[in-house]
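Asks: Fold the following.
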Amino acid sequence: MTLPMAAWRVTYTPGNWLVLSGPTMFVVMLPAPARASKLINDLWSDIVAAESVDGLLKLVGEVGLDAMPDFGAFFWDNNGLHGLSRGRVRVVDTDTGEVALEGTGSVLWDEQSLGGTRHLRIDLEPVDDNEVLQLPLVVGADSVSAVYLTTDPETLVRFPSYEQ
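Replies: Numbering: from 1, shown residues only. As a prediction, the model looks like this:
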């Protein structure tokens, strides 16, 4: 049996927002200036090593992400997917069309347990899916306009087995 590379499969459309993705945590935020490159790289290393929702909340506070007007963070643990949203970060269930998480109007952020198997779209800026390239991202960083996240076990990217 092969192991998944991450708890989710992420597809994104290019844009102006920054996403930092690890195997069990990813963060979406407004773009940072070039002078923040070291901070962003250090933050990405922390995201890759994250082991708990408590670790996510601690990291958010330590780095000052809790003060950003627009911010989203997602974490996977034994209880499923958890999400935080603030400002313009809006999460829609692509199966039902219902809003699963929305940061608009939140004083701190909207926090939700999003459950096990989900198909979500994180809307950040207007995009026409038929006109913009959709690209995969498992672990890494990129500039995005929208992110599609699924925790469906059948779609996860897996490491090849030794035999393969």
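Asks: When you work out contacts or count neighbours from here on, use the C-alpha atoms and nothing else.
Replies: Will do.
Asks: any idea how far Val60 is from Arg86?
Replies: 12 Å (Cα to Cα, to the nearest Å).
Asks: Would you mind telling me which of the two has the busier surroundings?
Replies: Remark: of Val60 and Arg86, Arg86 carries more neighbours, 26 against 18, as counted by other Cα atoms under 10 Å.
Asks: Tell me the bridge partners for the more buried one.
Replies: Phe71 (DSSP bridges).
Asks: And the pLDDT at it?
Replies: For Arg86, the pLDDT comes out at 88.
Asks: Surely Val157 is in contact with Arg9?
Replies: Yes: counting by Cα atoms under 8 Å, Val157 does reach Arg9; the two are 6.5 Å apart.
Asks: What is the burial count for Glu62?
Replies: Neighbour count for Glu62, taken as other Cα under 10 Å: 10.
Asks: that older thread, the more surrounded of Val157 and Arg9?
Replies: Under the neighbour definition other Cα under 10 Å, Val157 and Arg9 were set side by side, and Arg9 has more, 24 against 19.
Asks: Any regions of the chain where pLDDT drops low?
Replies: 1-4, 53, 56, 161-164 (pLDDT under 70).
Asks: At which residues are the strands of it located?
Replies: Assigned strands in the chain, in chain order: 9-21, 25-29, 71-77, 80-86, 90-93, 99-102, 110-115, 119-123, 135-137, 140-150 (criterion: DSSP state E).
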